[in-house]
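Undergrad: Quick one: sequence plus predicted model below, questions after.
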Amino acid sequence: MSFDMSPNIVLVVVIGVLFAAGVYLLLERSLSRVLLGVLIISNGANLLFLVAGGNAGRAPIVGSTDPSEMSDPLPQAMVLTAIVITLGIAAFVLSMAYRSWQLNGHDEVQDDLEDRRIARKAAVNAPTYTDSDSDEPEGTLDDDAADTRDETTEEAR
């Protein structure tokens, strides 16, 4: 029995689209979109495992099937493992989104003051292009911190 080892081009395109859409959603600020991105990438990875595993063969039971006709059980085991890992990640991101919704009324990830300070120092120290962000900031980090809502204080609650 001869197997054709070339993958179906439609499945390869679907895998590429799933990965592209998942990465796009991962770059969003909303945790619910990040969760959708993780789930879509996971589905793309599972499909990739199955396509890379080759064509389906007979049951991999020694003694009842000729070894040249057996299917490889490893891709199926990897997909099952990936499903369990994705379930754990999804539960974790859902709990973070729910907690963020309870505290803030939204599930968007906010900028950190330290991140903004590092970005400003990088823009001031190494201006490789002319941009409005590379100008010297008008305010200081302390001014920005006073303007920013601090969710850890009692006044914010």
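TA: Here it is on my side, so go on. None of these values were measured; they are calculated from a predicted model. Numbering: from 1, shown residues only.
Undergrad: CA atoms for contacts and neighbours, from now on please.
TA: Fine.
Undergrad: Could you check which helix or strand contains residue 20?
TA: In this assignment (DSSP states H and E), residue 20 forms part of helix 9-26.
Undergrad: Now that helix: buried residues?
TA: Buried residues in helix 9-26, defined by neighbour count with 16 or more other C-alpha atoms under 10 Å: 15, 16, 18, 19, 20, 21, 22, 23, 25, 26.
Undergrad: Let me see the ranges of the helices in this structure.
TA: 9-26, 31-52, 74-104, 113-125, 141-147 (DSSP state H).
Undergrad: which one of those is the most hemmed in?
TA: Among the helices of the chain, the stretch with the highest mean neighbour count (mean count of other C-alpha atoms under 10 Å) is helix 31-52, at a mean of 20.
Undergrad: That one: how far from the chain's middle?
TA: 8 Å (C-alpha atoms, centre = their mean, to the nearest Å).
Undergrad: And that helix, what does it pack against?
TA: If you count contacts as 3 or more C-alpha pairs under 8 Å, 6 or more residues apart in numbering; DSSP states H and E, helix 31-52 packs onto helix 9-26, helix 74-104.
Undergrad: Residues touching it, excluding its own?
TA: With C-alpha atoms under 8 Å, 6 or more residues apart in numbering as the test, helix 31-52 has contacts from 7, 11-12, 14-16, 18-19, 21-28, 75-76, 78-79, 82-83, 86, 90, 93-94, 96-97, 107-109.
Undergrad: what's the average pLDDT for that helix?
TA: Here helix 31-52 scores 93 as its mean pLDDT.
Undergrad: quick check: angle from that helix to helix 74-104?
TA: 180 degrees (axes from the mean of the first three to the mean of the last three C-alpha atoms, to 10 degrees).
Undergrad: How much space separates the residue of the chain most remote from its centre from residue 56?
TA: Most distant from the centre of the chain: residue 63, at 42.7 Å, with distances by C-alpha atoms, centre = their mean. Per C-alpha to C-alpha, to the nearest Å, residue 63 is found 18 Å from residue 56.
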